[in-house]
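S.K.: Build me a model:
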Amino acid sequence: MEKIKTLLVDDHKIVRDGIKMILNSAPNIEVTAEASNGVDALKYLENNNNIDVVLMDISMTELNGVDATEIIKKLYSKINILALTMHSEESYISKMMNAGALGYVLKDISSENLIDAVKTVAEGKNYYCNSVSNTIISKLLNPSNSNKHQKTSILSKREISVLKEVTKGISNIEIAKVLEISNRTVETHRRNILKKLGLKNTAEMITYAIKNGYVE
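M.R.: Numbering: from 1, shown residues only. Now for the predicted structure:
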């Protein structure tokens, strides 16, 4: 059986050394090459595109893992990507999956599971460590909550306060009195809310607030 040829991409040599030792201990896996960033990984693949799996870190100074993954999948569709990172946030997971990664594991993964992950991804199958799987499941079960945090995070505290008052159906003058700000300031906040959330009118603003739990 031919060995699974892997390219290890991480900007910390001590991390690469540890991972290389683990993978090379498996009889059917071989760390063929290393790169400290996405740029170096692409340079290597220009002349050595017989790699089966790329283990890709995300946060790197020269061409991050998300962008590098997207480029590799466009140029070398047969190469499979396994994200190996410290980032457990849903936003990073989604970006790597959308870029084309088949697997996503955290750096605290056990040696045995890391080897399983490489083998699974080499076969063209998905592999996620337990904590990542839980994050993905949580997003699928609560899509509105994920959307809420992504969109309303761009609103200021004052804009959120105005949004909540708008759902009560009161006028700008009344909102101004409640929040102790000027009528003109309320109008400015309402315009900003519509622009930031990509909404067209007050009706859409109220609908958005109801769907995302901002009606008190």
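S.K.: When you work out contacts or count neighbours from here on, use the C-alpha atoms and nothing else.
M.R.: Fine.
S.K.: Give me the average confidence score over the helix or strand hosting residue 71.
M.R.: Per DSSP states H and E, residue 71 falls inside helix 65-75. The pLDDT scores in helix 65-75 average 93.
S.K.: Heading C-terminal from that helix, find the next helix or strand.
M.R.: Following helix 65-75 toward the C-terminus (DSSP H and E): strand 80-85.
S.K.: about what we covered before: run the chain-centre distance for the helix holding residue 71.
M.R.: Distance, stretch centre to chain centre, for helix 65-75: 14 Å (Cα atoms, centre = their mean, to the nearest Å).
S.K.: what helices or strands is that helix leaning on?
M.R.: helix 38-47, strand 80-85, helix 90-99 (3 or more Cα pairs under 8 Å, 6 or more residues apart in numbering; DSSP states H and E).
S.K.: quick one: contacts of that helix?
M.R.: By Cα atoms under 8 Å, 6 or more residues apart in numbering, the surrounding residues in contact with helix 65-75 are 37-39, 42, 56-59, 79-81, 83, 95-96, 99-101.
S.K.: Can you point out the buried residues in it?
M.R.: Residues 65-66, 68-73 are the ones in helix 65-75 that count as buried (16 or more other Cα atoms under 10 Å).
S.K.: try stretch 169-188
M.R.: Going by neighbour count (16+ other Cα under 10 Å), the buried part of stretch 169-188 is 172, 175-176, 186-187.
S.K.: Next, count neighbours for residue 127.
M.R.: Using other Cα atoms under 10 Å, residue 127 has 23 neighbouring residues.
S.K.: I am finished for the moment; much appreciated.
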